[in-house]
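Peer 1: sequence and computational prediction follow.
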Amino acid sequence: MEKNMKYIIEHLDNAVTELEKVMQVMLPPEYAIYVDKDQEVHYITIQDAVSMIDRFGNNCMSEMIGKSDYILVYDERKRIVADGNSYLLGEFLVLRFDYGLKGLDKADIDNVITEMAGRMTSFAMGPYRIQAYQLG
């Protein structure tokens with residue numbers, strides 16, 4: 001048993017390095033952020049994002065996030081209006097807009113979070129409080 005543990009520890013660094021290489025191959029170089037209805041964040045391929053946008057059909061809406069190059073794309077039917085303000089609780093995509101829709105890379109993630117943070121608010125529904133993105 002001790003011999004096996006020694007072998008594992010000696011080769012752990014190599015295993016971590018190899019795992020990182022595998023993950024880099026598995027993750028696409030560019031992707032879109034999708035926030036689902038449960039407000040869980042997913043990184044999806046550009047092809048999957050385009051398919052979602054196609055499913056939005058005539059209900060597809062978008063707006064730039066602050067003064068950044070990032071664009072929020074959503075289904076108009078998921079927008080909630082309260083007290084004259086519009087909110088999204090989830091079910092939206094975030095991409096980069098640069099003469100058309102472009103994917104995000106790892107460097108974009110912190111920028112997206114920073115840009116969106118200023119538009120996040122608590123949305124009250126009875127006794128419940130939910131984070132929401134304020135449109136407009």
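Peer 2: Done, it's in. If you're wondering where the values come from, they're calculated on a predicted model, not measured in any experiment.
Peer 1: okay, CA-based contacts and neighbour counts for the rest of this
Peer 2: Fine.
Peer 1: need the per-residue pLDDT for L89.
Peer 2: Listed pLDDT for L89 reads 89.
Peer 1: and what of L12?
Peer 2: So L12 comes in at 60 (pLDDT).
Peer 1: what's the answer for E2, then?
Peer 2: Looking at E2, its pLDDT is 69.
Peer 1: so what strands line up beside the strand or helix carrying H42?
Peer 2: Following DSSP states H and E, one finds H42 within strand 41-44. Using DSSP bridges, the strands paired with strand 41-44 in its sheet are strand 32-35 (antiparallel).
Peer 1: average model confidence for the strand it pairs with?
Peer 2: For strand 32-35, mean pLDDT is 93.
Peer 1: the residue nearest the centre of the chain pairs with what?
Peer 2: With distances taken as C-alpha atoms, centre = their mean, I33 lies nearest the centre of the chain, 2.5 Å away. Beta bridges link I33 to Y43, V94, judged by DSSP bridges.
Peer 1: my read: it touches E91, true?
Peer 2: No. Applying C-alpha atoms under 8 Å, one finds I33 not in contact with E91, separated by 10.3 Å.
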